[in-house]
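need a structure here:
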Amino acid sequence: MRMTRRPGRLARRGAVLGVLVLGLAGCMTPAEDGPAPAEPGGTAEPDDTAEPTDEASATEMPVLQVREAGGYAPAGTDFRTMPQLTVYADGRAVRQGPQIAIYPPPALPNPRVFELPEEDVDAFVTAAREAGLLDGAPDYGQPLVADLPTTVVELRVDGETVRHEVPAFGFERFPEGAPAGTDDVPTEDLLPTEDLGLTEEQMAAREVLTEVLAMVGERFGAGEGASYDVTAFALLARAAVPGTVDDGLAPDTAPWPLADVGLSDLEECGLVAGEDAQVLADALADASTVTLFEQDGDLYEVWPRPLLPHETSCEDLPGPPTREG
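Numbering: from 1, shown residues only. Below you'll find the predicted structure:
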């Protein structure tokens, strides 16, 4: 099977998932050479656990979580990227909010908190059950595109977790060459041709998932939600290697604000919580994704990941998809 990679598809990634999955934005660029950061599960100083990031019990898990992983992306992108949406049984939802359109983007995301009526969450679970999404994941296929990520949709109902992994989710609706003004283009004009590599059954499975997820998106309306109070971070870091941050882009540098947190100790996941988390958040507010931090005369790339309410350790962070787009 021939896989293609075109720069135009990279720019389209945010628009594709944004339209299909709750207006969530993102952008990926080709990965630089160099080792990938460690996956969640390691421990490092200063802490290996953190207090829950709000009043929720540490054992409470979301009913629905939607995130992206894989594809062509710089090192550390999967680790630092928060899920686009996390919905809890009591109606609390943490969703990616609007982000300033600059490059390189800010170091921190813009998570927003919403309160959904519990009956809306119940209605979503009912729709997911009736659509067969709780019975297991169907075959979503692999479109003939190599540079888009896999969308991971996890449903946790009645103590069971069902994981749907959809490579290049949305590409079937907005294939290369589709009109730019997708908001006003009839769906029938955006359906793929056979050269996208999807069967009718795979297309139908993608449409079902899209329709059920759209139910959640409709509940948010036009509101922007409240700012999410980040009280803990997971961190990865590595010594900066010339030429691996971004080709042709001169990164800025900043002093590392936490003297007691050694960046050389963060090759595996470590946690920062409490007052240190607030100090770090203040420092990251003026940083970008390519800012290098200086500690003891050395420069480091740092990948911060704000923790969600149910995440209290590195082991709670989601792992990579089993198949990547």
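
what does the pLDDT read for Leu198?
Per-residue pLDDT puts Leu198 at 89.

so the residue lying closest to it once chain neighbours are set aside: helix, strand or coil?
Closest residue in space to Leu198, ignoring its immediate chain neighbours: Gly141 at 4.5 Å, by C-beta to C-beta, 6 or more residues apart in numbering. Using the backbone N, CA and C atoms, a C-beta is placed for each residue, glycine as well. Three-state call for Gly141 (DSSP: H, G, I helix; E, B strand; the rest coil): coil.

just to check, Gly141 is in contact with Gly197?
Yes: Gly141 is in contact with Gly197 according to C-beta atoms under 8 Å; the separation is 6.8 Å.

now Val145: how far from Gly197?
For Val145, the distance to Gly197 equals 9 Å [C-beta to C-beta, to the nearest Å].

neighbour count for these two, which is higher?
Legend: neighbour count by other C-beta atoms under 10 Å for Val145 and Gly197, higher for Val145 (22 against 17).

and that one, helix, strand or coil?
With three-state DSSP as the basis, Val145 sits in coil.

could you report the pLDDT at it?
82.

where does the prediction get shaky in the stretch 51-200 of the chain?
Along the stretch 51-200 of the chain, segments meeting pLDDT under 70 span 51-59, 174-195.

the same query, at a cut-off of 80, please.
In the predicted model, the stretch 51-200 of the chain carries pLDDT under 80 at residues 51-59, 72-73, 146, 172-195.

walking through it, point out its strands one by one.
For the stretch 51-200 of the chain, the strands defined by DSSP state E, counting those that start in this stretch cover 64-69, 85-87, 92-96, 111-115, 150-157, 160-167.

helices of the chain, start to end?
7-20, 77-80, 118-130, 200-220, 274-284 (DSSP state H).

list the contacts of the closest residue to Pro257 other than its chain neighbours.
Sequence neighbours aside, Ala283 is the residue nearest to Pro257 in space, at 4.2 Å (criterion: C-beta to C-beta, 6+ apart). Contacts for Ala283 (C-beta atoms under 8 Å, 6 or more residues apart in numbering) come out as Ala254, Trp256, Pro257.

what subset of those is buried?
Among the contacts of Ala283, those classed as buried by 16 or more other C-beta atoms under 10 Å are Ala254, Trp256.

which one of the contacts of Ala283 is nearest Leu292?
Leu292 has its nearest neighbour among those in Ala254, at 7.6 Å by C-beta to C-beta.

tell me what that closest one is bridged to.
On the basis of DSSP bridges, Ala254 is bridged to Phe293.

state the distance from Ala214 to Arg238.
Using C-beta to C-beta, which is the criterion applied here, Ala214 is 39 Å from Arg238.

looking at the two, which one has more neighbours?
More crowded of Ala214 and Arg238, by other C-beta under 10 Å: Arg238, with 21 against 14.

quick check: the more buried one touching Glu267?
Yes: with contact defined as C-beta under 8 Å, Arg238 counts as touching Glu267 (6.1 Å).

confidence score at the closest residue to Pro106 other than its chain neighbours?
Ranked by C-beta to C-beta, 6+ apart and with sequence neighbours excluded, the top spatial neighbour of Pro106 is Ser288, at 6.1 Å. For Ser288, the pLDDT comes out at 94.

what's the distance between Ser288 and Gln295?
Applying C-beta to C-beta to Ser288 and Gln295 gives a distance of 18 Å.

isn't Pro143 right up against Phe169?
No: between Pro143 and Phe169 there is no contact under C-beta under 8 Å: 9.3 Å.

on that earlier part again, how many other residues sit next to the residue nearest to Pro106?
A count of neighbours around Ser288, defined by other C-beta under 10 Å, yields 18.

report the contact partners of it.
Contacts for Ser288 (C-beta under 8 Å, 6+ apart) come out as Pro104, Pro105, Pro106, Ala107, Pro251, Asp252.

closest one of the residues you listed to Glu154?
Pro105 (25.3 Å).

excluding sequence neighbours, find me the nearest residue to that closest one.
Thr289 (5.5 Å).

list the contacts for that neighbour?
So Thr289 contacts Pro74, Arg80, Pro104, Pro105, Pro106, Ala107 (C-beta under 8 Å, 6+ apart).

check contacts around the second one.
Applying C-beta under 8 Å, 6+ apart, we find Arg80 in contact with Leu236, Thr289, Trp303, Pro304, Arg305.

if we go to 6 Å?
Shown in contact with Arg80 (C-beta atoms under 6 Å, 6 or more residues apart in numbering): Trp303, Arg305.
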